[in-house]
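[1] model this:
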Amino acid sequence: MTNKYKINVNGQPHEIESDEDTPLLYILRNDLKLKGTKFGCGDGICGACTVIMDGLPIFSCDTPIWSADGKNIETIEGLSVNGIHPLQEEMIDEQAGQCGYCLSGITMRIKALLDKNPNQTVDEVAEQLDRNLCRCGSQSRILKAVENYIEKVS
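    Model prediction:
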């Protein structure tokens with residue numbers, strides 16, 4: 001059974017008609033054509049699908065659309081609406097993405113964490129990144145980018 005849901009994605013309102021159990025990830029990628037959020041495991045384990053919903057990082061692959069109704073969602077595309085975001089710039093400068101598949105989810109988790117508490121240390125951020133997997137092993141470059149970003153914004 002399909003229902004209508006209202007979501008605000010990257011500052012733009014959308015009315016979506018969908019089955020209530022459709023994962024938010026599918027809505028973002030298939031209906032809204034926002035391909036930056038990746039499908040990884042589909043079970044809410046790897047973090048490739050991380051987006052920010054009402055200020056909190058969530059796994060969009062196991063978040064049904066009904067739970068996003070009326071919420072504000074930010075995807076990786078939303079970071080560069082007004083030009084490249086400084087966090088993205090640091091990721092590029094440090095060559096933080098090897099294959100890049102995990103990087104949008106990691107970037108969104110970092111952004112949510114630092115938006116909530118900009119005074120975190122790199123070690124505190126690293127501990128909270130345990131929920132996002134990177135198979136390429138570029139974690140040290142990701143953390144260097146975070147360190148640079150924290151220095152610039154503080």
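[2] what's the distance between stretch 80-97 and the middle of its chain?
    Using CA atoms, centre = their mean, to the nearest Å, the distance from the centre of stretch 80-97 to the centre of the chain it belongs to is 14 Å.
[3] And that stretch, what's buried?
    By neighbour count, with 16 or more other CB atoms under 10 Å as the criterion, the buried positions of stretch 80-97 are H85, L87, Q88, E89, E90, M91, E94, A96, G97. Yep, even glycine has a C-beta here, placed from its N, CA and C like the rest.
[4] H14 versus the first one, what's the distance?
    Taking CB to CB, to the nearest Å as the measure, H85 falls 22 Å from H14.
[5] Domain ranges for this protein, per the record?
    Listed domain ranges for the chain are 2-78, 80-153 (source: automatic domain parsing).
[6] Would you format those as CSV with mean pLDDT included?
    Conversion of the domains of the chain to CSV gives the following (pLDDT from 0 to 100):
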stretch, mean pLDDT
domain 2-78, 97
domain 80-153, 91
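[7] ranges for the helices of this structure?
    Counting by DSSP state H, the segments of the chain that form helices are 24-26, 65-68, 76-79, 86-93, 103-116, 122-128, 139-153.
[8] need the contact list for P57.
    Shown in contact with P57 (CB atoms under 8 Å, 6 or more residues apart in numbering): T50, V51, M108, R109, A112, L113.
[9] now swap in E74 and tell me
    Shown here is E74, whose contacts under the criterion CB under 8 Å, 6+ apart are V9, N10, V51, I52, M53, M108, K111.
[10] check contacts around the last one.
    Same thing as K111. Applying CB under 8 Å, 6+ apart, one finds that K111 lies in contact with I52, E74, L79, H85, L87.
[11] tell me which of those residues is nearest to D62?
    Of all those, the one sitting nearest D62 is I52; the distance, using CB to CB, is 15.7 Å.
[12] Can you tell me how far the residue lying closest to K152 once chain neighbours are set aside is from I110?
    If the residues on either side of it in the chain are set aside, K152 comes closest to P86, at 6.2 Å by CB to CB, 6 or more residues apart in numbering. Using CB to CB, one gets 12 Å for the distance from P86 to I110.
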